[in-house]
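**Student:** The amino acid sequence is not available; the structure is as follows:
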């Protein structure tokens, strides 16, 4: 009994050390920009860099667009699969899992072959076209997370009866979807949205190969050319991801209270 | 002139029939219940009227208009579900207003109608609450208000009281009936609870295995069941096996004791007949000599408080009857001889007698 507890603690300590030591080391290193003292100089340099602001702003906008596309694509799909096409569930689940199996590099090469400037739909020929391509590519990458979050949310409510109740009251499909279903899976959609945001902010491969002015390639650029700033940027990126995770926890807890009361 | 017409309605899933040859005419303002066991097709029929299921064959007309191929949101029906199905993201008032807003009624009218509906169901003070803050009974009352707020042509209720406890069930069924009478709304009510159907309905449609067994008012359904299924499903019955002594004059023998049926049987010689008697039609050890009498012994006495349930063994046949508890009168004891008596007209003949 005592031995097994000791073993558990040892595993936890080793696991924590494996994750925390590099993190602490990065934080410590990021604070040493000024010789001989700890300071937030590296963070000041990073945050005042106009390229940081431009790339972070761009990635945030793309992330928001991706969330909108993802929600519009996933909510109706998951809803129809549950309501009318339950037999298609395995197929849809398989399709939504594909982005986890197919690496982004393959996806982006596919994009470049299909949508290059001499193709039938030259999306890469313009900045706006690249933005569209990037958004759609990210929506694909975020599909496994968004679909699972929304699907779980839909399973928690009786969508069939709610749909029929709304239908019997004269509601059309868009009304049912936007006024009855979507508000009741809001928490699930938010979880999916935060995960999408975290994925898009740090994504490098697609943004880099499409030559988009995104945050991921900027991180790489700074990392290759500077000493202290990359550490500060890494910590900032971590904090954004953690903030997203924290927000999922907060809204998720709200939903649990709501459900328990129900 | 009928308001709702259902003509030769059928629904099959593959080769299995869920509803077969269903015909019904309902007049405006009538309260009709579909009564039957699980899987008898009552809910499927209701869902076809609502438009959630499409019939394999047949016709549904509301107020003279064929609605068979209309979508549910075009039929102007109100529906109340067993699981309440209130929209969790909306308050009570928003739930009730939903149908009115969908119909693009002016804001003032919506507000007034919501207030009127909440008053009707006795919850005018709960408009700002969310469904999860209400009890089951309150939620179902809100669901009723939501269904009738847009003034539907027909109100459909699918086992609306099944999820509630017994006390609330009884009070709510009286409320539903009162609201229905006040508004004069044509109503179809699905239930497997015979007491609900008997106490609320103008007419009852008893269904079994996808088919209509009998349509009639509660009095007819209970007292004059037309099939063996209706007789056994509605109310409690004592089933007696009898030998036909003389079919033409309706003379039969139950465990060797002769009684006369209210009418003759279509069997001339000897044969077997299945008879039924409602427990409340039987009197124990009556002094009055009129009617039919059968002798037996007390087999079991169960004291249930206000009622005493007594089982009398004739020989092979057993009869159960209820008597009221009487402080000055001790209940009979097991093994005592007993005579049961009943009016000749109370005997139901269930099966056509088979010639021996």
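**Tutor:** Perfect, thanks for sending it. As the structure is a computational prediction, the values presented were derived from the model and not from experiment. Numbering: from 1, shown residues only, chains lettered A, B, ... in the order given.

**Student:** Give the buried residues for the helix or strand hosting residue A:206.
**Tutor:** Using DSSP states H and E, residue A:206 sits in helix A:205-209. Using 16 or more other Cβ atoms under 10 Å in any protein chain shown as the test for burial, helix A:205-209 gives A:205-209. To be clear about C-beta, it is placed using only N, CA and C from the backbone, and glycine gets the same treatment.

**Student:** Nearest to residue A:225 among the residues you listed?
**Tutor:** residue A:208 (15.3 Å; Cβ to Cβ).

**Student:** what residues are up against the closest one?
**Tutor:** When contacts are counted by Cβ atoms under 8 Å, 6 or more residues apart in numbering or on different chains, residue A:208 touches A:216-217, A:220.

**Student:** mind redoing it with 7 Å?
**Tutor:** Residue A:208 is in contact with A:216-217, counting by Cβ atoms under 7 Å, 6 or more residues apart in numbering or on different chains.

**Student:** how much space between it and residue A:217?
**Tutor:** With distances taken as Cβ to Cβ, to the nearest Å, residue A:208 is found 5 Å from residue A:217.

**Student:** In a strand, residue B:48, correct?
**Tutor:** No - per DSSP: H, G, I helix; E, B strand; the rest coil, residue B:48 lies outside any strand segment and is helix.

**Student:** And the residue lying closest to residue B:129 once chain neighbours are set aside, its phi and psi?
**Tutor:** Once flanking residues are discounted, residue B:129 sits nearest to residue B:92: 5.3 Å by Cβ to Cβ, 6 or more residues apart in numbering or on different chains. When read as degrees, to the nearest 10, the backbone of residue B:92 gives phi -60, psi -50.

**Student:** Can you report how many residues neighbour residue B:92?
**Tutor:** Residues within reach of residue B:92, counting by other Cβ atoms under 10 Å in any protein chain shown, total 28.

**Student:** repeat for residue A:74
**Tutor:** 24.

**Student:** Mind giving me the packing neighbours of the helix or strand hosting it?
**Tutor:** Using DSSP H and E, residue A:74 sits in helix A:50-83. Packed against helix A:50-83 by the contact rule (3 or more Cβ pairs under 7 Å, 6 or more residues apart in numbering or on different chains; DSSP states H and E) you find helix A:89-101, helix A:127-155, helix A:159-168, helix A:186-202, helix A:215-225.

**Student:** Can you name the residues that contact residue B:294?
**Tutor:** Counting by Cβ under 7 Å, 6+ apart, residue B:294 touches B:254, B:257, B:259, B:314, B:340.

**Student:** Test my guess that the residue nearest to residue B:129 contacts residue B:144.
**Tutor:** No - Residue B:92 lies out of contact with residue B:144 (Cβ atoms under 7 Å); the separation is 12.0 Å.

**Student:** Check the spacing between residue A:208 and residue A:218 real quick.
**Tutor:** Relative to residue A:218, residue A:208 is positioned 10 Å away (Cβ to Cβ).

**Student:** Same question for residue A:23.
**Tutor:** Taking Cβ to Cβ, one finds residue A:23 at 21 Å from residue A:218.

**Student:** Could you check which of these two has the larger neighbour count?
**Tutor:** Neighbour count, other Cβ under 10 Å: between residue A:23 and residue A:218, residue A:218 has more, with 21 against 12.

**Student:** Spatially nearest residue to the more buried one, not counting backbone neighbours?
**Tutor:** Closest to residue A:218 by Cβ to Cβ, 6+ apart is residue A:55, at 4.0 Å.

**Student:** so what's the one you found up against?
**Tutor:** Contacts of residue A:55 by Cβ under 7 Å, 6+ apart are A:213-215, A:218.

**Student:** Which single residue of the stretch 1-150 of chain A ends up nearest chain B?
**Tutor:** Proximity of the stretch 1-150 of chain A to chain B (Cβ to the nearest Cβ) peaks at residue A:83, 11.7 Å away.

**Student:** interface residues of the stretch 51-200 of chain B facing chain A?
**Tutor:** Applying Cβ under 7 Å from any Cβ of the partner chain, we find that the stretch 51-200 of chain B lies next to chain A at B:52, B:72-73, B:77-79, B:81, B:83, B:85, B:87-89, B:98-99, B:102-103, B:132, B:150.

**Student:** Tell me which of those fall in helices.
**Tutor:** The helices, defined by DSSP state H, take in B:98-99, B:102 from these.

**Student:** Enumerate every residue touching whichever residue of the stretch 101-250 of chain A sits closest to chain B.
**Tutor:** Using Cβ to the nearest Cβ, the closest approach of the stretch 101-250 of chain A to chain B is made by residue A:169 at 3.6 Å. By Cβ under 7 Å, 6+ apart, residue A:169 lies in contact with B:98-99, B:102, B:150.

**Student:** between those residues, which is nearest chain A?
**Tutor:** Chain A lies nearest to residue B:99 out of these, by Cβ to the nearest Cβ, at 3.6 Å.

**Student:** what residues are up against the residue most central in space within chain A?
**Tutor:** Of all residues in chain A, the one closest to the mean position by Cα atoms, centre = their mean is residue A:196, 1.9 Å from it. By Cβ under 7 Å, 6+ apart, residue A:196 lies in contact with A:63, A:66-67, A:70, A:142, A:145-146.

**Student:** Most neighbours out of the residues you listed, which is it?
**Tutor:** Result: residue A:146 is most packed of those (other Cβ under 10 Å), 29 neighbours.

**Student:** Spatially nearest residue to that residue (excluding sequence neighbours)?
**Tutor:** Of all residues not flanking residue A:146 in the chain, residue A:192 sits nearest, at 3.9 Å (Cβ to Cβ, 6+ apart).

**Student:** nearest spatial neighbour of the residue of the stretch 251-356 of chain B found nearest chain A, skipping sequence neighbours?
**Tutor:** Residue nearest to chain A within the stretch 251-356 of chain B: residue B:305 (37.8 Å; Cβ to the nearest Cβ). Nearest non-adjacent residue to residue B:305, counting by Cβ to Cβ, 6+ apart: residue B:325, 6.8 Å away.

**Student:** The one you found and residue B:310 touch, don't they?
**Tutor:** No - judged on Cβ under 7 Å, residue B:325 makes no contact with residue B:310 at a distance of 11.7 Å.

**Student:** sorry, back to before: count the neighbours of the residue of the stretch 251-356 of chain B closest to chain A for me.
**Tutor:** By other Cβ under 10 Å, neighbour count at residue B:305 equals 6.

**Student:** Can I take it that it is in a strand?
**Tutor:** No - using three-state DSSP, the assignment for residue B:305 is coil, not a strand.
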